[in-house]
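In: no FASTA, just this:
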């Protein structure tokens, strides 16, 4: 099986249940938290494989104004998704704002057609959140990712700055075909 991003890379067997993530995804989301004003953001996410049994991951986002224009950069994160036996996964993420996280999770394939995943749900929870001395207080997270009608939907709940675990972010992203939108609009 070749990676669905057009790279021509053979997807190793442990990655195949997770292959639906491979590619570049762009879309819009909303953010909220008890300690901040609600906002809209644009996001670009990339999952890739070089043929080894892990996914490289990166995400960047921008604050959007009411017309959908980029106002300023927001979050950036990068890391690796390491599939394990039994459709489980270990995820390591780092953030330039002073955080490093270890997440554990699992995958449920909800749709399969001609050996291609057409529906899926991945749920992750933090095991470890490490932060630098200057980083804001953040203690735990919960993420859901889903492949629904060809779109990557995700949501993120966070416990931080004295608040319990509550929803912070959610987005709907569309896969971008190779060569499409080299400089994506927000």
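Out: Sure thing, it's come through. These numbers were taken from a predicted model, which means no experiment stands behind them.
In: doesn't residue 9 make contact with residue 50?
Out: Yes: look at residue 50 against residue 9 with Cβ atoms under 8 Å: they come within range, at 6.5 Å. Yep, even glycine has a C-beta here, placed from its N, CA and C like the rest.
In: neighbour count winner among the two?
Out: Neighbours were counted for residue 50 and for residue 9 using other Cβ atoms under 10 Å; residue 9 has more, 15 against 11.
In: could you find the closest non-adjacent residue to that one?
Out: For residue 9, the nearest residue in space outside its immediate sequence neighbours is residue 3; the separation is 4.6 Å by Cβ to Cβ, 6 or more residues apart in numbering.
In: now do the contacts for that neighbour.
Out: Applying Cβ atoms under 8 Å, 6 or more residues apart in numbering, one finds that residue 3 lies in contact with 9, 10, 11, 19, 22, 48, 49.
In: for residue 166, same thing?
Out: 33, 34, 157, 158, 159.
In: report pLDDT for it.
Out: What the model reports for residue 166 is a pLDDT of 97.
In: equivalent analysis for residue 116, please.
Out: In this prediction, residue 116 has a pLDDT value of 87.
In: how close does it get to residue 163?
Out: Counting by Cβ to Cβ, to the nearest Å, the gap between residue 116 and residue 163 amounts to 40 Å.
In: any regions of the chain where pLDDT drops low?
Out: Applying pLDDT under 70 to the chain flags residues 179-186.
In: let's go with 80 and repeat that
Out: When the per-residue scores of the chain are filtered using pLDDT under 80, the ranges that remain are 178-186.
In: show me where the chain has strands.
Out: 23-33, 36-48, 55-64, 70-84, 88-95, 99-113, 116-131, 138-148, 151-160, 166-176 (DSSP state E).
In: looking at those, spot the one closest to residue 15.
Out: Among the strands of the chain, strand 70-84 comes nearest to residue 15, with 5.8 Å by Cβ to Cβ.
In: walk me through which strands that closest one pairs with, and which way each runs.
Out: According to DSSP bridges, the neighbouring strands of strand 70-84, each with its direction, are strand 55-64 (antiparallel), strand 88-95 (antiparallel).
In: want to throw those into TSV with mean neighbour count and distance to residue 103?
Out: Below are the strands paired with strand 70-84 laid out as TSV (neighbours: other Cβ atoms under 10 Å; distance: least, Cβ to Cβ, whole Å):
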stretch	mean neighbour count	distance to residue 103
strand 55-64	18	11
strand 88-95	18	4
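In: let's have these in JSON lines, adding distance to residue 128.
Out: JSON lines is the format used below for these (distance: least, Cβ to Cβ, whole Å):
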{"stretch": "strand 55-64", "distance to residue 128": "17"}
{"stretch": "strand 88-95", "distance to residue 128": "9"}
